[in-house]
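# got a predicted model here, sequence first, then my questions.
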Amino acid sequence: METMNFGESGQNGTNQGGENKENNSAPKAPMSGGDNRKKKLIWAGVALAALILAVIGWQYWQYTHSMYYQQMKAVKLLDEMAKESEKWGGKTPEETVRLFTEAVKKGDFDLASKYGNQEIIFPVLEKIKNDGNIDLLIKDLKNGILEESPGFKGEYVDLLIKENGKKKYSVLTLYKSDGGTWKIVEF
């Protein structure tokens, strides 16, 4: 039976007979053919990945500049605007008139205009204020009578000022949106 001694370097020392053994762990010469092939495959893989990413990027760019994408973006924006719009208004015409009246009393025309078409309501409120008729508007909003607009089956309601039981003028017209919120359509 043969025993081996390991010195500090961890290499074989001598056997029992005191003979030196050669160290067969000499570095091997690199295999130039196999390593070269591996490098070429790696670079080919990197080039293929770059090409695939470039094609995907080009397709994405074309998609984001297509008419379809632009239309879908516009539809999404309109949906978001509709959802935002549904926050403003009441579940009944009376509630919408009350909320609108409170905003006008506070002088918050920006809030008041959110209960209908902002581009129409805001300038009209500003004109009424500049003409000094805000108090008259508030009085009409409080004293007006809500009546169903003829021919619209409860989807449109007018806030009317009547004198001696007859319509004098209309202050507001409201409609029920698809989301169930009552909005000011005419002012």
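Here it is on my side, so go on.
# pretty sure residue 162 sits in a helix.
No: counting by DSSP: H, G, I helix; E, B strand; the rest coil, one finds residue 162 to be strand, located in no helix.
# mind listing what it touches?
Contact analysis of residue 162 by Cβ atoms under 8 Å, 6 or more residues apart in numbering lists 145, 168. Backbone N, C-alpha and C define where each C-beta goes, glycine included.
# how far away is residue 109 from residue 103?
Distance from residue 109 to residue 103, counting by Cβ to Cβ, to the nearest Å: 7 Å.
# same question for residue 173.
18 Å.
# centre of the chain to the longest helix seen in the chain, how far?
Ordering each helix of the chain by length in residues (DSSP state H) puts helix 32-64 first. The chain centre lies 34 Å from the centre of helix 32-64; the measure is Cα atoms, centre = their mean, to the nearest Å.
# what about it, average pLDDT?
Regarding helix 32-64, the rounded mean pLDDT is 92.
# which element is residue 146 on?
According to DSSP states H and E, residue 146 maps onto strand 145-148.
# what's next to that strand, contact-wise?
Residues contacting strand 145-148 (Cβ under 8 Å, 6+ apart): 93, 94, 97, 154, 156, 157, 158, 159, 160, 161, 162.
# the strands in this protein, which residues?
Applying DSSP state E to the chain gives strands spanning 145-148, 156-163, 166-176, 182-186.
# what sits against residue 154?
148, 176.
# same thing but at 10 Å, please
Applying Cβ atoms under 10 Å, 6 or more residues apart in numbering, we find residue 154 in contact with 93, 148, 176.
# and the last one, how far is that from residue 40?
Noted for residue 176: a distance of 71 Å to residue 40, by Cβ to Cβ.
# ok, those two, which is more surrounded?
residue 176 (19 against 10; other Cβ atoms under 10 Å).
# so what's that one closest to, chain neighbours aside?
Nearest non-adjacent residue to residue 176, counting by Cβ to Cβ, 6 or more residues apart in numbering: residue 155, 5.2 Å away.
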